[in-house]
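K.L.:
Predicted coordinates and the sequence they were generated for:
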Amino acid sequence: MKKFFAVTSVAVLAASLAFSFSSCSDKSGSSSTEGNLAGGELGSDVNVSQEDLPYGATPDIDGVPIMTEIDDRFLSTEEGTAVSEYFGSFSKKDESLLESATYPAVLDFRLKTEGNISEQDFIEKQYENIKSYTGVNFEFTYIMVNSVSGSGETDFSSYDNLVRDLDADANITDRKCITVDCMYQDLDNGGNYSLSNRIGNDVTLYIYTINGKPYVLT
């Protein structure tokens, strides 16, 4: 394998851990819940169609490992499901959820770079990583996708190169960067808390649609 790939791919993975705490982009064009109309009220004389509204939560996705709140104008139910499965894999310590949410070639590579560990060992390691922020044993109870940005707002070149170097047959048809907050239950003392409040900012994830299916890239 090319030396360039080995260096750049490890750098990407080392920077991301299970997910990133950096923002998708500094550009103002990304769709975000911050400062939008979802948190306030429109005057009675204002008539705005749904497609003209700024980013704001619309439906909750049911029937997924963790209930997930999205704006379905910017993120599909299938993409939201991948996010729910990804966080659910750590919270529920479920290998099948990790396999469903993560592109196989990327997951295999990630396990190898972690020392040829098993999927369960990877899940346990990421659970402990998240626990270093929560300070307690936890279970995610609710996920909020707070912003979505696309190719015009975020540089996806590192992840594009990673996927294509790992799998030359990968057909990438869409890519998005999202920021997420997760509510979690304190299993030691009770109560529900925000992961973003513990970290200091939202979690950042990359959602790639590859061969017709959305995946979370790590």
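P.N.:
On my side now, so go ahead. Residues are numbered from 1 along each chain as shown.
K.L.:
beta partners of the residue nearest in space to the middle of the chain?
P.N.:
The centroid of the chain falls nearest to residue 205 when counting by C-alpha atoms, centre = their mean (3.3 Å). Under DSSP bridges, the beta-bridge partners of residue 205 are residue 178.
K.L.:
for residue 209, same thing?
P.N.:
residue 174, residue 214.
K.L.:
re earlier: for the residue nearest to the centre of the chain, give me its contacts.
P.N.:
19, 20, 83, 86, 177, 178, 179, 180, 216, 217 (C-beta atoms under 8 Å, 6 or more residues apart in numbering). Using the backbone N, CA and C atoms, a C-beta is placed for each residue, glycine as well.
K.L.:
Tell me where the chain has strands.
P.N.:
31-32, 60-61, 68-69, 138-149, 172-186, 192-194, 203-210, 213-217 (DSSP state E).
K.L.:
Of all those, which one is nearest residue 106?
P.N.:
The minimum distance between residue 106 and the strands of the chain falls on strand 213-217, with 6.0 Å, by C-beta to C-beta.
K.L.:
from the chain's centre, how far out does that closest one sit?
P.N.:
9 Å (C-alpha atoms, centre = their mean, to the nearest Å).
K.L.:
same deal with stretch 180-188?
P.N.:
16 Å.
K.L.:
buried ones in that stretch?
P.N.:
180, 181, 182, 183, 184, 185 (16 or more other C-beta atoms under 10 Å).
K.L.:
do stretch 195-208 as well
P.N.:
Neighbour counts over stretch 195-208 (16+ other C-beta under 10 Å) mark 195, 196, 202, 203, 204, 205, 206, 207, 208 as buried.
K.L.:
List the contacts of the last one.
P.N.:
For residue 208, the contact set (C-beta under 8 Å, 6+ apart) comprises 103, 159, 163, 172, 174, 175, 214, 215, 217.
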